[in-house]
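1. Below are the sequence and a predicted model; questions follow.
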Amino acid sequence: SQQGEEDPQALSIQEGENATMNCSYKTSINNLQWYRQNSGRGLVHLILIRSNEREKHSGRLRVTLDTSKKSSSLLITASRAADTASYFCATDRTGRRALTFGSGTRLQVQP
Amino acid sequence: EAGVTQSPTHLIKTRGQQATLRCSPISGHTSVYWYQQALGLGLQFLLWYDEGEERNRGNFPPRFSGRQFPNYSSELNVNALELEDSALYLCASSDTVGEQFFGPGTRLTVL
């Protein structure tokens, strides 16, 4: 079964707005990664946050991690039509390297 | 720097046949991972190879196997193909840090 669960399942916003996606997981983790996938193609790595980190930034992306609540959020600021994609969180249990993916959030950015 | 490459892009087989998928990791990466993304089942971890050895295996039957060559490239073999093996197969590579970078995938269709 999937460890991570993204929320919401689908999100539609206008260009320029911010998009927030949430991810919850069930067991302790070593790190959490966010990926983007366009139309059933390969995954693009966005950001990795380790279990001892609380927040990380990369360009227009901001990721937070709350290990006490077993949850993470991905914020995309000033969204663009090109951000339209599915976004997945993936968790890595210590030492196993087998990423467990959530079901994804489908983001639609309207121009 | 070249990313992870996979071949072929598409593969069509019939039930009972064997499929071979290939992956070349990012230069300098020693670990290769295989994932299956089947419709309705999400992304599932298949195999992890590092330094030529199988390090971890997901919940898949033995007819899913693979190997890693001395140049760190990898093959995934699927024997006795079944209709439900139709999926996008994604390969990823990483160094010791743990961020996994994915290739574009091979779409396998079993008729």
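-> Nice, thanks for sending it over. Residues are numbered from 1 along each chain as shown, chains lettered A, B, ... in the order given.
2. drop to CA atoms for contacts and neighbour counts, all remaining ones
-> Will do.
3. What residues does the closest residue to chain A within chain B make contact with?
-> Using CA to the nearest CA, B:P104 is the residue of chain B that sits closest to chain A, at 4.0 Å. By CA atoms under 8 Å, 6 or more residues apart in numbering or on different chains, the contact set of B:P104 is A:41-43, B:4-6, B:9, B:90.
4. In JSON lines: the residues you listed, plus distance to B:L76 and secondary structure.
-> Formatted as JSON lines, the contacts of B:P104 follow (distance: CA to CA, whole Å; DSSP: H, G, I helix; E, B strand; the rest coil):
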{"residue": "A:R41", "distance to B:L76": "18", "secondary structure": "coil"}
{"residue": "A:G42", "distance to B:L76": "17", "secondary structure": "coil"}
{"residue": "A:L43", "distance to B:L76": "18", "secondary structure": "strand"}
{"residue": "B:V4", "distance to B:L76": "15", "secondary structure": "coil"}
{"residue": "B:T5", "distance to B:L76": "14", "secondary structure": "strand"}
{"residue": "B:Q6", "distance to B:L76": "11", "secondary structure": "strand"}
{"residue": "B:T9", "distance to B:L76": "14", "secondary structure": "coil"}
{"residue": "B:L90", "distance to B:L76": "10", "secondary structure": "strand"}
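5. Could you work out the most separated pair of those?
-> A:L43 and B:T9 (14.7 Å; CA to CA).
6. Counting neighbours, go ahead and name the busier of those two.
-> A:L43 (23 against 15; other CA atoms under 10 Å in any protein chain shown).
7. Next up, the contacts around the more buried one.
-> Applying CA under 8 Å, 6+ apart, one finds that A:L43 lies in contact with A:35-37, B:101-104.
8. what about stretch A:49-63, how long is it end to end?
-> Stretch A:49-63 has an end-to-end distance of 8 Å (CA to CA, to the nearest Å).
9. How about the residues of chain B by chain A?
-> Contact residues, chain B versus chain A (CA under 8 Å from any CA of the partner chain): B:42-45, B:47-48, B:56, B:58, B:88, B:90, B:98-105.
10. Kindly supply the ChimeraX command isolating those of these that are buried.
-> In ChimeraX syntax, the buried subset of these is picked out as below (16 or more other CA atoms under 10 Å in any protein chain shown):
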select /B:42,43,44,45,47,48,56,88,90,98,99,100,101,102,103,104,105
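11. and the residue nearest the centre of chain B, what are its bridge partners?
-> Central residue of chain B (CA atoms, centre = their mean): B:W34, 3.4 Å from the mean position. The bridge-partner assignment for B:W34, based on DSSP bridges, gives B:L47, B:C91.
12. now the residue in chain A positioned nearest to chain B: how far from B:T5?
-> For chain A, the residue closest to chain B is A:G42, as judged by CA to the nearest CA, at 4.0 Å. Using CA to CA, we find A:G42 at a distance of 10 Å from B:T5.
13. list the buried ones in stretch A:8-24?
-> When burial is assessed from 16+ other CA under 10 Å, stretch A:8-24 yields the following buried residues: A:11, A:13, A:15, A:19-24.
14. which residues touch it?
-> Applying CA under 8 Å, 6+ apart, the external contacts of stretch A:8-24 come out as A:3-7, A:70-81, A:89, A:102-111.
15. residues touching the closest residue to B:L46 other than its chain neighbours, list them.
-> Spatial nearest neighbour of B:L46, chain neighbours left out: B:G58 (4.6 Å); criterion: CA to CA, 6 or more residues apart in numbering or on different chains. When contacts are counted by CA under 8 Å, 6+ apart, B:G58 touches A:98, B:44-47.
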